[in-house]
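S.K.: Build me a model:
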Amino acid sequence: MPQRHAVVAGAGIGGLTAAVALHRRGWRVTVCERAPGPSAAGAGIVLAPNALRAFDTIGFDAGRAAGRAVPAAMGLRRQDGRWLSRAETAALATRYGRPPLAVHRPALAAGLAARLPADAIRYGAAVTGVDSPGGTPLVRTTAGELRADAVLAADGIHSALRRRYFPGHPGLRYSGETAWRTVLPAGDVPAAVRGGQPSLPATAETWGRGERFGIVPLGDGGAYLYATAVAPEGYRPADVRAELLHRYGSWHDPIPALIERIDPAAVLQHDLYDLAAPLPRFHHGRIAWLGDAAHAMTPNLGQGGCQAVEDAVVLAHLLDAAAGADGAAGIPEALAAYSAARCARTDAIRVRSWRAGRMAAQVHPLAVAARDLVVRAVPERARLRAMDDLFDGFTLPGAPAPA
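M.R.: Residues are numbered from 1 along each chain as shown. Sure, this is the predicted structure:
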């Protein structure tokens, strides 16, 4: 049987995971990325137990490959420093078999890319269209044309392929919040954040009135920092550090000190969006969508990247099974099975993430007080149980669910 060829549009976490999963199964893969090369810029990502379990199925140790992985507990604080909720690493490991891991996103991408042949990734080659998507696809890129047995659209939240093949879809919906993200080098991170203080869990998010600030220590002693604020769409302050100090400079330690040490040029700002409605399916002929291209969601549950990893692993599993049984003729059926396996789960998480963001972004003082009271009143066991469908929800089609 001839070697199957998949073209992946986009070298983000989802696209690279899909490429690694298919390469491991003997497929030839070509990853087309519009950027001119791999970027060292970026922020952090917390890989929840469901994403780690998905990586396990393709033999990829994300913590070892990224080189900067540390267990990430979960905690919520008020802006005066008082705790709203805490879930320690040991409790997460006991319930889910492992805790989440915090990694530097570029390091994770580099670890995935290292599992591919040297010529598998083509930088500066944006996918511009696909001809004959129902037959043997011809993929048009800015660097030339490629024949493929399957095309995987991992081209991000503004997916051009999604807009082309779902022209009636309403597109993106602005959440009302903007976000700043950066990574602070180890030398600029106070010792209390790097570890050694049991009062500070590995990952903590602080909630104010329409504003949030998150601290995620990384394995090299650095820290991933993020902040969100209710703001008009497209708002961009002229002085990032001054803006952040104005918003968060009076919050509890070590937030003001961390802001003072950031490099404004290294701060990424993005408005937060999700899809205004679910896609009717994640496939069209021999094209499949995954990650943000398929189900863009706000980051409030930390599941955007995790669901992209799940998508990639399930998609590779179904594609390889179809190609092994029916050859290329079985690929459209495999992609239909992928839609059936993934649409409901990802859209439920998208909706849940949106609702979580609405609660966290409350502005009115009475609403904020009620929110904080409700969060503090929920027992830790109940909070963990509410995460079961996220953290224990990954299975390959045909495989039994976790016990």
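S.K.: The stretch 51-200 of the chain: strands as residue ranges?
M.R.: Using DSSP state E, counting those that start in this stretch, the strands of the stretch 51-200 of the chain run over 70-71, 74-78, 83-87, 101-104, 121-123, 127-131, 138-141, 144-147, 150-153, 172-184.
S.K.: got TSV for those, with mean pLDDT too?
M.R.: What follows is the strands of the stretch 51-200 of the chain, written out as TSV (pLDDT from 0 to 100):
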stretch	mean pLDDT
strand 70-71	71
strand 74-78	90
strand 83-87	90
strand 101-104	89
strand 121-123	97
strand 127-131	94
strand 138-141	97
strand 144-147	96
strand 150-153	97
strand 172-184	97
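S.K.: Buried deepest among those, which one?
M.R.: Stretch with highest mean neighbour count among those: strand 150-153 (a mean of 29; mean count of other Cβ atoms under 10 Å). Where C-beta positions appear, they are placed from N, C-alpha and C, glycine not excepted.
S.K.: For that one, what is the distance to the chain centroid?
M.R.: Centroid separation between strand 150-153 and its chain, computed with Cα atoms, centre = their mean, to the nearest Å, is 19 Å.
S.K.: Direction included, what does it pair up with?
M.R.: strand 5-9 (parallel), strand 287-289 (parallel) (DSSP bridges).
S.K.: so what's the residue lying closest to residue 87 once chain neighbours are set aside up against?
M.R.: Take residue 87 and drop its neighbours on the chain: the residue closest to it by Cβ to Cβ, 6 or more residues apart in numbering is residue 74, 4.5 Å away. Neighbour list for residue 74: 85-87, 92, 100, 201, 203 [criterion: Cβ atoms under 8 Å, 6 or more residues apart in numbering].
S.K.: Quick check: residue 18 vs residue 142, distance?
M.R.: 21 Å (Cβ to Cβ, to the nearest Å).
S.K.: Among these two, which residue is more densely surrounded?
M.R.: residue 18 (33 against 12; other Cβ atoms under 10 Å).
S.K.: Check which helix or strand that one maps to.
M.R.: Taking DSSP states H and E as the criterion, residue 18 maps to helix 13-24.
S.K.: In the chain, where is pLDDT below threshold?
M.R.: Scanning the chain with the threshold set as pLDDT under 70 gives 1, 41, 67-69, 72, 134, 192-202, 323-327, 399-403.
S.K.: Longest helix in it, please.
M.R.: helix 331-360 (DSSP state H).
S.K.: tell me what it is packed against?
M.R.: Packing partners of helix 331-360 (3 or more Cβ pairs under 8 Å, 6 or more residues apart in numbering; DSSP states H and E): strand 172-184, strand 268-275, strand 283-284, strand 287-289, helix 292-295, helix 304-326.
S.K.: Could you report the separation of the residue nearest the centre of the chain from residue 292?
M.R.: Most central in the chain under Cα atoms, centre = their mean is residue 305, positioned 1.7 Å from the mean C-alpha point. Applying Cβ to Cβ, the value for residue 305 to residue 292 is 9 Å.
S.K.: same deal with residue 244?
M.R.: Residue 244 is 26 Å from residue 292, by Cβ to Cβ.
S.K.: Packed most tightly, which of the strands paired with strand 150-153 would that be?
M.R.: Taking mean count of other Cβ under 10 Å, strand 287-289 is the most buried of the strands paired with strand 150-153, at a mean of 29.
S.K.: which residues are in contact with that strand?
M.R.: By Cβ under 8 Å, 6+ apart, the residues outside strand 287-289 that reach it are 130, 133, 137, 150-154, 159, 161-162, 165, 279, 282-283, 315, 335, 338-339.
S.K.: could you redo the last one with a cut-off of 7 Å?
M.R.: The contact list for strand 287-289 (Cβ atoms under 7 Å, 6 or more residues apart in numbering) reads 130, 133, 137, 150-153, 159, 161-162, 165, 279, 282, 315, 335, 338.
S.K.: hmm, back to that, centre of the chain to the next helix-or-strand element following the helix holding residue 18, how far?
M.R.: Counting by DSSP H and E, the next helix or strand C-terminal to helix 13-24 is strand 28-33. Strand 28-33 has its C-alpha centroid displaced from the chain centroid by 20 Å (Cα atoms, centre = their mean).
S.K.: With only the CA atoms kept, save whichever helix or strand comes after strand 28-33 in PDB.
M.R.: Note on strand 28-33: by DSSP H and E, the next helix or strand toward the C-terminus is strand 44-47. Below are the C-alpha coordinates for strand 44-47, written out as PDB (Å, rounded to 0.1, in the frame of the first residue of the first chain):
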ATOM      1  CA  GLY A  44       3.000  29.400  28.800                       C
ATOM      2  CA  ILE A  45       0.500  26.600  28.600                       C
ATOM      3  CA  VAL A  46      -0.900  24.400  31.300                       C
ATOM      4  CA  LEU A  47      -1.400  20.800  30.100                       C
END
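S.K.: Neighbouring strands of strand 44-47 in the sheet, and parallel or not?
M.R.: Partner strands and pairing direction for strand 44-47 (DSSP bridges) are strand 101-104 (antiparallel).
S.K.: CA-only coordinates of the partner strand in CSV, if you can.
M.R.: Taking Å, rounded to 0.1, in the frame of the first residue of the first chain, the C-alpha atoms of strand 101-104 are listed here in CSV:
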residue,chain,number,x,y,z
LEU,A,101,1.9,20.5,33.9
ALA,A,102,3.0,24.0,33.2
VAL,A,103,5.3,24.4,30.2
HIS,A,104,6.7,27.1,28.0
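S.K.: measure the closest residue in space to residue 277 that isn't next to it in sequence to residue 114 for me?
M.R.: In space, not counting the residues next to it along the chain, residue 277 is nearest to residue 170; the distance is 5.6 Å by Cβ to Cβ, 6+ apart. Per Cβ to Cβ, residue 170 is found 39 Å from residue 114.
S.K.: Equivalent analysis for residue 231, please.
M.R.: 38 Å.
S.K.: which one of the two has more residues nearby?
M.R.: Looking at residue 231 and residue 114 with other Cβ under 10 Å, you find the greater number of neighbours at residue 231, namely 20 against 11.
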